[in-house]
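Chemist: sequence plus predicted model, see below.
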Amino acid sequence: MPAVSNDLRGDLHRAGYYPDLVADVLDVALADEPVVAHLVHPETTFDAAEVRRHVTVLALTPTRLVVTHVDDHPADSEHPSASASATTEAVPLAELRSVAVTHVVPSPEQHVPGSPATELTLVIGWGAVSRVDLEPATCGDPACDADHGFTGTMTPDDVVVRVSAAAEGVDSVRAAAAFARRLSAASTRPR
């Protein structure tokens, strides 16, 4: 049985971003381990006069989280044709430190139980990358001009996936929530 299931292949083809390439690199990273849940998130960004495409694929196996990123690289003076780079990282579930999910819900006073958020952000951390937010420390005295150093927070930031109903549709938000649920459950199992 191939590690990249027909269901995952179907989602890769719906995303429309080099599905056969993505399936091939995933197959290598999965190393024949079955996928129990997945999330395919294509993104298109615009900068200056260029359109760049990117896809993130999160694949949960019984023992690992496989993270795949694929990016476009336009032709330039050193590279006469466009190319893509595909990177995978396999993280043992025992190494996951956090699975954070932010649900954005408009008009919360009218929220109906079970209805999806309009936006969902999934942040997965295992300690490889952290974001540091610093700001000048103060003592609370508005007349004080002493240097109190800096204060800040360090947040795990290995993978961030933001899914919006306005951009990707409600079904994509539901799929992200379902994946987040499976990953969160898997990250808490004793190993």
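Modeler: Structure's in. What do you need? Residues are numbered from 1 along each chain as shown.
Chemist: ok, and what's touching the strand or helix carrying residue 28?
Modeler: For residue 28, the element it lies in under DSSP states H and E is helix 19-30. Contact partners of helix 19-30, identified using CB atoms under 8 Å, 6 or more residues apart in numbering, comprise 2-4, 8-9, 12-13, 55, 57, 59, 61, 66, 68, 70, 84, 86, 88-90. Using the backbone N, CA and C atoms, a C-beta is placed for each residue, glycine as well.
Chemist: swap in stretch 118-126?
Modeler: Residues outside stretch 118-126 that contact it (CB under 8 Å, 6+ apart): 39, 58, 65, 67, 91, 95-106, 155-166, 173, 176-177, 179-180, 183.
Chemist: for this structure, just list every one of the helices.
Modeler: Secondary structure of the chain by DSSP state H: the helices cover 6-15, 19-30, 165-168, 170-188.
Chemist: can you redo those helices as JSON lines with distance to residue 45 and mean pLDDT?
Modeler: What follows is the helices of the chain, written out as JSON lines (distance: least, CB to CB, whole Å; pLDDT from 0 to 100):
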{"stretch": "helix 6-15", "distance to residue 45": "15", "mean pLDDT": "93"}
{"stretch": "helix 19-30", "distance to residue 45": "18", "mean pLDDT": "94"}
{"stretch": "helix 165-168", "distance to residue 45": "12", "mean pLDDT": "92"}
{"stretch": "helix 170-188", "distance to residue 45": "17", "mean pLDDT": "94"}
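Chemist: and the residue most central in space within the chain, what does it touch?
Modeler: The C-alpha lying nearest the average C-alpha coordinate of the chain belongs to residue 161 (CA atoms, centre = their mean; 3.2 Å). With contact taken as CB under 8 Å, 6+ apart, residue 161 is in contact with 39, 41, 56, 58, 121-122, 176.
Chemist: cutoff 7 Å now
Modeler: Under the criterion of CB atoms under 7 Å, 6 or more residues apart in numbering, the neighbours of residue 161 are 39, 41, 56, 122, 176.
Chemist: how about residue 176, what does it touch?
Modeler: With contact taken as CB under 7 Å, 6+ apart, residue 176 is in contact with 39, 120, 122, 161, 163.
Chemist: hmm, the first one is touching residue 58, no?
Modeler: Yes: counting by CB atoms under 7 Å, residue 58 is a contact partner of residue 39 at 4.5 Å.
Chemist: before we move on, back to that, most widely separated two among the contacts of residue 176?
Modeler: 39 and 120 (10.5 Å; CB to CB).
Chemist: so what sits against both of residue 39 and residue 58?
Modeler: Shared contacts of residue 39 and residue 58 (CB under 7 Å, 6+ apart): residue 179.
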